[in-house]
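whatever this is, show me its structure:
(2 chains)
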Amino acid sequence: MTTQTIAYREALRQGLRAALAGDERVFLMGEDVGRYGGTYAVSHGLLEEFGEARIRDTPLSESTFTGAGIGAALNGMRPIVEIMTVNFSLLALDQIINNAATLRHMSGGQLSVPLVIRMTTGGGRQLAAQHSHSLEGWYAHIPGLRIVAPATHEDARGMLLAALEDPDPVLIFEHALLLGAEGTVEGEPHPMELDHAAIRREGRQVSLITYGGMLHKSLAAAEQLAKAGIDAEVLDLRTLRPLDDAAIMASVAKTHRVVVVDEGWRSGSLSAEIITRINEQAFFELDAPPVRVCSQEVPVPYARHLEDAAIPQVEDIVAAVHRLLG
Amino acid sequence: MSEFRMPSLGADMESGTLVEWNIRPGERVERGQIVCVVETQKGAIDVEIWETGTVERLVAEEGQKVPVGEVLAVIIAEGERAEGEKAEGEAAGRETPAEPSIPEASRTPSPHAPSPRALDVSPPVPPHAAATSGRLRISPAARKRAAELGLDPADVRGSGVDGSITLEDVERAARPAEGRQAALSERAADAHAAMRQAIATAMARSKREIPHYYLGNTLCVEPALAWLEAHNAERPVAERLIFPVLQLRAVALALEAVPALNGWFVDDAFQPAEGVHPGVAIALRGGGLVAPALHDADRLAPDAMMAALRDLLTRARQDRLRSSELTTAGLTVTNLGDLGVESVQGVIYPPQVALVGFGRISERPWVRDGQVVAARCLHASLAADHRVTDGALGARFLTRLTDLLTEPERLWPT
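Have a look, this model is predicted:
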C-alpha cells in the first residue's frame, strides 16, 4: 500500500472525489464550491472533473441550499452540502434541526434524509468573532443528527465516505486550523467507521479527552507531559453524537483522571456533557475532580494575542494536567 | 501552643529529611506517639513527640530537608485554645462558605485563622484532606479502594488536588512497610555512605576531644552461666534469655552505683542522664553501626528485658528505630564476643562519657580455692572520659560490674 503525505484539505478532496466517483447520486453543493474551488480550496478542480451538475455553486443563502439538500436527499440523492463556516450554519438551523433531524421521526420511519453537511469550525486564523466559533457542541445536542469531527487525515477522507452510507443526516466539522496541516494516508480512500472513539496515544496517568483541532494540541501537550514524567492518554472522540461512552469510561477506568479539552465555551458545552456522563457512569473510578480546558467565554477576538488567549493552547492543557496531578 | 522541632538524633546531625507524617492537622497526639519518620545518616528514624495536645498545623512538608531545631509542626497543648477558635468567635458570620466547585476550592483558607504574623513567617500550609470541612476529601476511586482494602480512609494522608486522598495514597497506606523498604533500598547506597560519614565524624570527634582512659577486668562467668542455664532450662527456646541480657543488667545496676558514667559532656560540663538507658551497639548487615538505647534497663525483669532487646535488634535492622532511642543513652555497651575477640578497648560515642566493652566467653585456667581449674571467663572493659571521671570512679564501676556478673543472684534480687 502506498503512503502519501498530504494536506488535510487534500485528504478532504480525496474523500469528495472518491464519493463522487463511486456513487452517481452524490453531488456537492455550496457557496463558491465550483468556480472558485471552495472558500478553503477543498473542492479545487472538482468542477472541471465532475461538471456543473454535480459541483453546484449556490446563492448566499444557507437556508435555501440546505433545504434543497434535504429535498434532494428525501428524493434519493446523496447530497453533500458545504457550509462555509459553522457560524453561517446558524442561518440554516431551521432546515437542519426542524427538517433534517426530524423527518424520520415525524414520518414514522417512512422518510429518511441521507444528507451530509460539511462545515468549517474553530478559531485560530484571525477571522474574528463571526467566523471562528466552535458550535459543534450545540449540534451534538440534537437527536436525529450524527455529528463527526475528523481530526486525522485518514478520517478526513474516510468519515465522509462512511457518512454518505448513513441513512440519516450527518454533520461533518472540519477544523479550520487543520486544513493546511500535513499528514499521512494509506492507499485509496476508504470508509472510516463512525461509531467509535480512538486512542491516539496510550497513557496511564491521565486521560485527555478531545476531538478535532484540539486533538493535535492535546497530543503536543502529552509529549511535553511525557518529558515531565507524566504519562497521558489521548482519546480522540471522532464522533460527538452519539458519544462513545464505552471508550470514554474505559480510559477513565485506566487512568482515573480526566481532562476534557474542548474548544467550545465551557457553559453548557460538550465538555460538560462528557464530564456528566463520566460522573454518572464512572464516578467510582475517579481519583481527582474532572477538569476542563475550554475557550474563554468571550466572542473569539480578532487580535492575534487575544485570540490565542481565548482559545485553549498546549500550555493550558499542560498546566491543567499539572494542577490535576498536584 | 508549642512548636515541634526537628530533633537532634546524634551529636553530629545537622538536618534530617522528613520522609512521612503520621499525623494531620486537627488530630490529637499523645506524649510518646510516633508522629513522623525522619531520614538521617543513621537511617530512617520514627520520631516521637513529647507533648500531649492537638496538631495545629504541619509546617514541614514530606520530602523536605529540615535543619535540626527548625519547626516541623505546631501543637496546641492540652487545655490551650487554638488561634483559630478565638478568631472564629470574633469573626462570626464572616466565615467563608463551603466552596461549591472543585478548582476554586484551592482558595479555601487553611484551618487556622490567618494572623498577620503567621502569614509573614510561615510557608503556606497545604490544606489537608480533612481540614476544610467535616467531610473527608477523598476521591471516589480512593474511597472505593479503601473499602476494598478494609482501610479507614481517615488514617490516610492525602497528596492529591487540594490535599485530597487519592487512589495511590490509599494503596501506599495499605503497604507502608513495603513502600518504606523500597524507598530505603533505593537510597541504600547513599544511606550506607552517609552512615559511614556519620560514624567517621563522631569517632574522629571522640578521639580528638575525649581524653579516654581504659580499665579492664577478666571475670569468671561460671556462676552467671549456671544461673542462665537454670533459668532457661524451664523455658521453651523462644523465651530463653541470652547472656547479653545479664551483661546489660549488670551495667545498668553498676551505673546506679556510679551515675557519673551515665550522661553527657556538653558545654564543658557533665550532664547526668535521666534514667538508665544504656545504648546497645548493633552492627548492621551490610556495614555500619547504631547504638539505640535500651530504655529503663535498671527496671526491667529478665523476660521483659529480653523482649526489649529483641525488639531493639529487630527494629535496628529494619530501620525502624525511634528518636528517643537515639538521644537518651548516656553510655554505650558493645559486645564483640560473638565475633571471637577477647577484649574491647572502646571509643566513646560523644557526647556520652563512657563505653563498656565485652569480649568473648572462653574457657581459661582460673584459680579457685588455690586450685587451677578450667572456667569460662569474660573480659569486661571500660573506656571513660577523664574530663568527667577519674580512674578511681571507673574502677569502682568495673568492680561493681564484675561483682554483679559473678554473683548473678544479685542481678534481679527477689
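
just say helix, strand or coil for the closest residue to residue B:389 other than its chain neighbours.
Leaving aside its chain neighbours, residue B:389 sits nearest to residue B:260 (5.0 Å; criterion: C-beta to C-beta, 6 or more residues apart in numbering or on different chains). (C-beta placed from N, C-alpha, C; glycine too.) Recorded secondary structure, residue B:260: helix (DSSP: H, G, I helix; E, B strand; the rest coil).

model confidence for residue B:260, exactly?
The per-residue pLDDT reported for residue B:260 equals 94.

ok, now which ones touch it?
Counting by C-beta atoms under 8 Å, 6 or more residues apart in numbering or on different chains, residue B:260 makes contact with B:270, B:272, B:353, B:388-389, B:393.

spell out which parts of the stretch 151-300 of chain B neighbour chain A.
By C-beta under 8 Å from any C-beta of the partner chain, the residues of the stretch 151-300 of chain B that approach chain A are B:159-161, B:164, B:166-168.

chain A versus the residue nearest to residue B:389, what's the distance?
Going from residue B:260 to chain A by C-beta to the nearest C-beta, to the nearest Å gives 55 Å.

picking up where we left off before, what's the closest of the residues of the stretch 151-300 of chain B next to chain A to residue A:324?
When these are ranked by distance to residue A:324 (C-beta to C-beta), residue B:161 comes first, at 6.3 Å.

tell me if I'm right that the closest one and residue A:322 touch.
No: counting by C-beta atoms under 8 Å, residue B:161 does not reach residue A:322; the two are 10.7 Å apart.

more neighbours: these two, which one.
Ranked by neighbour count (other C-beta atoms under 10 Å in any protein chain shown), residue B:161 and residue A:322 place residue B:161 first, with 22 against 13.

the residue in the stretch 1-150 of chain A that chain B sits nearest to: which element?
Using C-beta to the nearest C-beta, residue A:137 is the residue of the stretch 1-150 of chain A that sits closest to chain B, at 20.2 Å. If you go by DSSP states H and E, residue A:137 is part of helix A:136-139.

elements contacting whichever helix or strand comes after that helix?
Downstream of helix A:136-139, the next assigned helix or strand under DSSP H and E is strand A:146-148. Counting contacts by 3 or more C-beta pairs under 8 Å, 6 or more residues apart in numbering or on different chains; DSSP states H and E, strand A:146-148 packs against helix A:153-165, strand A:170-175, strand A:239-241.

ok, the residue nearest to residue A:76 when sequence neighbours are not counted - contacts?
In space, and not counting its chain neighbours, residue A:76 is closest to residue A:25: 6.6 Å by C-beta to C-beta, 6+ apart. With contacts defined as C-beta under 8 Å, 6+ apart, residue A:25 is in contact with A:76-78.

what does residue A:25 show for phi and psi?
phi -80, psi -10 (degrees, to the nearest 10).

related to what we said a few turns ago, pull the most distant pair out of the contacts of residue B:260.
Greatest spatial distance among the contacts of residue B:260 (C-beta to C-beta): B:272 and B:393, at 13.4 Å.

next SSE downstream of the helix or strand bottoming out on mean pLDDT in chain B?
When each helix and strand of chain B is scored by mean pLDDT, DSSP states H and E, helix B:116-121 comes last, with a mean of 36. Note on helix B:116-121: by DSSP H and E, the next helix or strand toward the C-terminus is helix B:140-149.

just checking, what packs against that following helix?
helix B:167-174.

what angle separates the helix it packs on from helix B:140-149?
30 degrees (axes from the mean of the first three to the mean of the last three C-alpha atoms, to 10 degrees).

residues in contact with residue A:317?
A:208, A:217-218, A:221, A:259, A:261, A:293.

please repeat the previous calculation with a cut-off of 10 Å.
Residues near residue A:317 by C-beta atoms under 10 Å, 6 or more residues apart in numbering or on different chains: A:208, A:210, A:214, A:217-222, A:224-225, A:232, A:234, A:259, A:261, A:291, A:293.

what's the longest strand in chain B?
Secondary structure of chain B read by DSSP state E shows that its longest strand is strand B:371-385.

sec struct for the residue in the stretch 201-326 of chain A that chain B sits nearest to, please.
Using C-beta to the nearest C-beta, the single residue of the stretch 201-326 of chain A nearest to chain B is residue A:289, 3.7 Å away. Using three-state DSSP as the criterion, the local structure at residue A:289 reads coil.

pretty sure it contacts residue B:164?
Yes: proximity of residue A:289 to residue B:164 meets the contact threshold set by C-beta atoms under 10 Å, at 8.3 Å.

who's more crowded, these two?
A side-by-side neighbour count of residue A:289 and residue B:164, using other C-beta under 10 Å, places residue B:164 first with 23 against 20.

what about the closest residue to that one other than its chain neighbours, neighbour count?
Once flanking residues are discounted, residue B:164 sits nearest to residue B:137: 4.2 Å by C-beta to C-beta, 6+ apart. Residues near residue B:137, counting by other C-beta under 10 Å, number 23.

can you map out the strands along chain A?
A:3-7, A:26-30, A:55-57, A:78-85, A:116-121, A:146-148, A:170-175, A:182-186, A:198-201, A:206-210, A:232-236, A:239-241, A:258-265, A:291-295.

and those strands as a markdown table, adding mean pLDDT and mean neighbour count?
Formatted as a markdown table, the strands of chain A follow (pLDDT from 0 to 100; neighbours: other C-beta atoms under 10 Å in any protein chain shown):
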| stretch | mean pLDDT | mean neighbour count |
| --- | --- | --- |
| strand A:3-7 | 95 | 13 |
| strand A:26-30 | 98 | 23 |
| strand A:55-57 | 97 | 20 |
| strand A:78-85 | 97 | 24 |
| strand A:116-121 | 97 | 26 |
| strand A:146-148 | 98 | 25 |
| strand A:170-175 | 98 | 27 |
| strand A:182-186 | 95 | 16 |
| strand A:198-201 | 98 | 17 |
| strand A:206-210 | 98 | 28 |
| strand A:232-236 | 98 | 26 |
| strand A:239-241 | 98 | 24 |
| strand A:258-265 | 97 | 27 |
| strand A:291-295 | 97 | 22 |
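
can you tell me how far the residue most central in space within chain A is from residue B:9?
Nearest residue to the geometric centre of chain A (C-alpha atoms, centre = their mean): residue A:149, 1.9 Å. Noted for residue A:149: a distance of 61 Å to residue B:9, by C-beta to C-beta, to the nearest Å.

show me what the host helix or strand of residue B:316 packs onto, helices and strands only.
Using DSSP H and E, residue B:316 maps to helix B:302-318. If you count contacts as 3 or more C-beta pairs under 10 Å, 6 or more residues apart in numbering or on different chains; DSSP states H and E, helix B:302-318 packs onto strand B:43-48, helix B:176-186, helix B:222-233, helix B:243-257, strand B:279-280, strand B:282-283, strand B:289-290, strand B:321-322.
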